[in-house]
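In: sequence first, predicted coordinates after that:
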Amino acid sequence: MTRYIIRRLLWGVALLFIVSALTFVLFDLLPSGDPAKLRAGRTATPQAIAHIRHELGLDKPVYTQFFDYMKGVVLHFDLGYSYYSHAPVKSLIAERLPATVSLAVGAIVIWLLVGLSVGIVSAVRQRTLIDRTAMGTALVFISAPEYWLGLLALFLFASDIGKLAVFPGAGSYVAFSSEPVKWFTALILPWLVLAASFAAVYARLLRGSLVEVLGEDYIRTARAKGLPERRVVMRHGVRSAITPIVTVLGLDIGTLLGGALLIEVVFNIPGVGRLNYDAITHADFPIVQGTVLLAALFIVVANLLVDISYAFLDPRVRFK
Amino acid sequence: MSDPNSDRGRGGVAAPEGQLDGDPRASALLRVEDLRVQLPTEDGLLGAVDGISYELHAGRTLGIVGESGSGKTVSALALMGLNPKHARVSGRIDFDGRELLALDSQQLRALRGDELAMIFQDPLSSLHPLHRVGWQLVEAIRAHRDVAKAAARERAAELLDLVGIPDARARLHAYPHELSGGQRQRVMIAMALANEPKLLIADEPTTALDVTVQAQILALLARLQRELGMAILLVTHDLGVVAEIADEVAVMYAGRIVERGSTEQVLTAPSHPYTWGLLRSIPRLEGGAAGHGPASRAPRDSDRGAVGELEPIAGRPASLISPPSGCRFHPRCPYALPDHARIDPALAPLPDDPAHLAACLLAPEERTRLWSKEERARLGSDEERAHLWSDEERTRLGSDEEPARLGDETHG
């Protein structure tokens, strides 16, 4: 198992390298703007622009830029500096990470609670009205784009522009350390909106998996033992049906920690996603590169954790 | 088991001596009357079990035999209340003084795994793959007995020991996939016996196992029955298995019992053409006809290999959604007469033996004559067999269909 983990980690490093290279190539081929021009302002002379370009190292060939960047990352864990503020990307990300983590963790708790319970009830009450209603509703939330759902939520419930002013609206996020209560209320709407589609996906996923498991021979054995139905479903059914959920959950957590871009933009939450979004619009390449690398890192780690957790979830899994 | 009379509430199930010997005067442990199980399907109502009746006494073994789709497994699941929710079950099932079909789900659940236990065909898929064997055994015990975990674990080890698993205590930690097929079935048996049931239902308990292991599991069941005094309802497609451990046999065809009697009678003097077909479709060892015990008469189909041509029963099993009119076996019966498509035979005792029943429209003497002819052909040369199962008779079946082979599928 240790050998397996080491090999997977090495693969992960290789993957991160490839992701960095791809980001460089993409940005070189399809830049979202010319950083030097944007930086210099509308009235800048060509000389000023050339000067800035030289200062930022943009006049060097792409592979040299990439090499310099990777050298910084590997040798000094240095992610470079913003083209605009000159602030180190590392500390910019560190500043934004708590908001992203707050958003992700709350949403995960909500969607697991809601999604899993709805999935179980639907599977057990298969083809009843409850099941059909739940699955129909889930389909609506899966289909609804989350930025639309976010805007709708703001329009309906935000305290500034909402019809029913119940929750704080966009831009009301504060750090947990400064005002915990305000932090909580400000995140209620984003949590719910972010969790909605995930809860729907998880409910449908668990329902499908559990329906299949409940048809297995060992469920019949559990019933033949005279166990209460509740125990048959939870300890025998859900125990088996949860495995595919864990896979998806691991990847979703990994993805979300890299920044919930749309939700952070709609609700104006200063998270990593928002940072990335702003950086793209300003062609602030070092920040884009840093956030992409961070997101890839989270996904690689999440993937590894999912695979390792399989050994605990299913004793039949052996690592080679 | 070290002490069956310990504090587990119901000290030893061993019935009084008379019952163990199958005293017919003793009242039956299980009495099934006119049991029907109907399953609604898209094509109509499927009458999986169509009015079967039988009795089973404590300490005895009844074998229910038939092809796939004969209703044998469905009828067994009905006893446990484990048929699909939408199944319609009617009739009467008296078990040890209670009417099972009248019990609510809670009362039935309390019986399941306690007085009434069941083992299944495929032990690998019947054990939970993600829980340790010990966990599953402890759960079975604690579902019905209010004992501490440690005590239940102790008992679980005893049970594994009882079913002949070496190094029982260590095996409690094993997962099902770490055991051999035979050991898995032993674990299933141990789990079923956890609370010393009065009745053990065994649904094709040896079908998924290797030949040598099959014999071991049957021997184990026979030994446990002697030690614990439980009744066994054995569901199988394999007459060899029946010959080995059943006291009585009920042969099922298309949801009905077509012949019933002691194993000896049914295997040596069968009185229904379907039973003849079943016997004929069993492979025989050449020259193995000398013995006259039931076991030697009906070698298991596991003995396949050193044998001559198999004689499958012609035609397909009857549809259970729209069963044939009259005698349900008439479309496949080589001796069917035109009348048999109209008249539905009742299960009736034979004149010379009231404990031996068959549902056939041919006169009993005629059947005796035909059977001895079949028997001669069966024991005799290939030419004689060919003559008996002639083209003429095949034509009379009016079917070029591929003959259904017994035992192709094993679920009844």
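Out: Cool, the structure landed. Residues are numbered from 1 along each chain as shown, chains lettered A, B, ... in the order given.
In: alongside chain A, which residues does the stretch 151-300 of chain B contribute?
Out: Contact residues (CB under 8 Å from any CB of the partner chain) of the stretch 151-300 of chain B with chain A: B:175, B:177, B:188, B:191-192. (Each C-beta comes from the backbone N, C-alpha and C, glycine too.)
In: if I look at residue B:217, how far off is residue B:241?
Out: Using CB to CB, to the nearest Å, residue B:217 is found at 10 Å from residue B:241.
In: what sits in contact with each of the two?
Out: Common contact partners of residue B:217 and residue B:241 (CB atoms under 8 Å, 6 or more residues apart in numbering or on different chains): residue B:206.
In: which of those two has more neighbours?
Out: residue B:241 (28 against 24; other CB atoms under 10 Å in any protein chain shown).
In: isn't the more buried one right next to residue B:63, touching?
Out: Yes - in this structure, residue B:241 is within contact of residue B:63 by CB atoms under 8 Å, at 7.3 Å.
In: now the helices for the stretch 1-150 of chain A?
Out: With helices called from DSSP state H, counting those that start in this stretch, the stretch 1-150 of chain A shows them at A:2-29, A:35-40, A:46-55, A:62-76, A:89-124, A:129-143, A:146-157.
In: and of those helices, who's closest to residue B:237?
Out: helix A:89-124 (33.3 Å; CB to CB).
In: work out the gap between the closest one and the centre of the chain.
Out: 8 Å (CA atoms, centre = their mean, to the nearest Å).
In: buried set for it?
Out: A:89-90, A:92-93, A:96-100, A:102-104, A:106-108, A:110-112, A:114-116, A:118-124 (16 or more other CB atoms under 10 Å in any protein chain shown).
In: state the helix or strand in which the residue of the stretch 101-250 of chain A found nearest chain B lies.
Out: Going by CB to the nearest CB, chain B is nearest to residue A:226 of the stretch 101-250 of chain A, at 3.4 Å. Remark: residue A:226 resides in no helix or strand, with elements defined by DSSP states H and E.
In: skipping its backbone neighbours, what lies nearest it in space?
Out: Distance criterion CB to CB, 6 or more residues apart in numbering or on different chains; nearest residue to residue A:226, sequence neighbours excluded, is residue B:113 at 3.4 Å.
In: let me know whether the one you found touches residue B:195 as I believe.
Out: Yes - with contact defined as CB under 8 Å, residue B:113 reaches residue B:195; the gap is 6.5 Å.
In: related to what we said a few turns ago, PyMOL command to pick out the buried ones of the residues of the stretch 151-300 of chain B next to chain A?
Out: PyMOL command restricting these to the buried ones, with burial defined by 16+ other CB under 10 Å:
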select buried, chain B and resi 175+188+191+192
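In: element containing the nearest residue to residue A:318 once chain neighbours are set aside?
Out: Ranked by CB to CB, 6+ apart and with sequence neighbours excluded, the top spatial neighbour of residue A:318 is residue A:311, at 7.9 Å. Taking DSSP H and E as the criterion, residue A:311 maps to helix A:285-313.
In: repeat that for residue B:160.
Out: Secondary structure assignment for residue B:160, by DSSP H and E: helix B:149-162.
In: and that helix, average pLDDT?
Out: For helix B:149-162, mean pLDDT rounds to 96.
In: quick one: contacts of that helix?
Out: Under CB under 8 Å, 6+ apart, the answer for helix B:149-162 is B:1-2, B:133-134, B:137-138, B:141-142, B:145, B:147, B:168-169, B:171-172, B:186-187, B:190-191, B:193-194, B:224.
In: buried subset of the residues you listed?
Out: With neighbours counted by 16+ other CB under 10 Å, these contain buried members at B:133-134, B:137-138, B:141-142, B:145, B:147, B:168, B:171-172, B:186-187, B:190-191, B:193-194, B:224.
In: list the contacts of residue B:329.
Out: By CB under 8 Å, 6+ apart, residue B:329 lies in contact with B:253-254, B:258, B:272-274, B:318, B:336.
In: what's the neighbour count on residue A:195?
Out: Using other CB under 10 Å, residue A:195 has 22 neighbouring residues.
In: thinking again about what came up before, per-residue pLDDT of the residue nearest to residue A:318, please?
Out: Reported pLDDT for residue A:311: 83.
In: you'd agree it is up against residue A:246?
Out: No - with contact defined as CB under 8 Å, residue A:311 and residue A:246 do not form a contacting pair (11.8 Å).
In: let's see the helix or strand harbouring residue B:225 as CSV, backbone CA atoms only.
Out: Using DSSP H and E, residue B:225 sits within helix B:211-228. Coordinates of the C-alpha atoms in helix B:211-228 are reproduced here as CSV (Å, rounded to 0.1, in the frame of the first residue of the first chain):
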residue,chain,number,x,y,z
VAL,B,211,-18.9,-32.0,-6.6
THR,B,212,-16.9,-33.1,-3.6
VAL,B,213,-18.0,-30.2,-1.6
GLN,B,214,-21.6,-30.9,-2.4
ALA,B,215,-21.4,-34.3,-0.6
GLN,B,216,-19.7,-32.7,2.4
ILE,B,217,-22.4,-30.1,2.8
LEU,B,218,-25.2,-32.7,2.5
ALA,B,219,-23.5,-34.8,5.1
LEU,B,220,-23.1,-31.7,7.3
LEU,B,221,-26.8,-31.0,7.0
ALA,B,222,-27.7,-34.6,7.8
ARG,B,223,-25.5,-34.5,10.9
LEU,B,224,-26.8,-31.2,12.1
GLN,B,225,-30.3,-32.4,11.7
ARG,B,226,-29.6,-35.4,13.8
GLU,B,227,-27.9,-33.3,16.5
LEU,B,228,-30.4,-30.5,16.6
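In: appreciated, that's everything.
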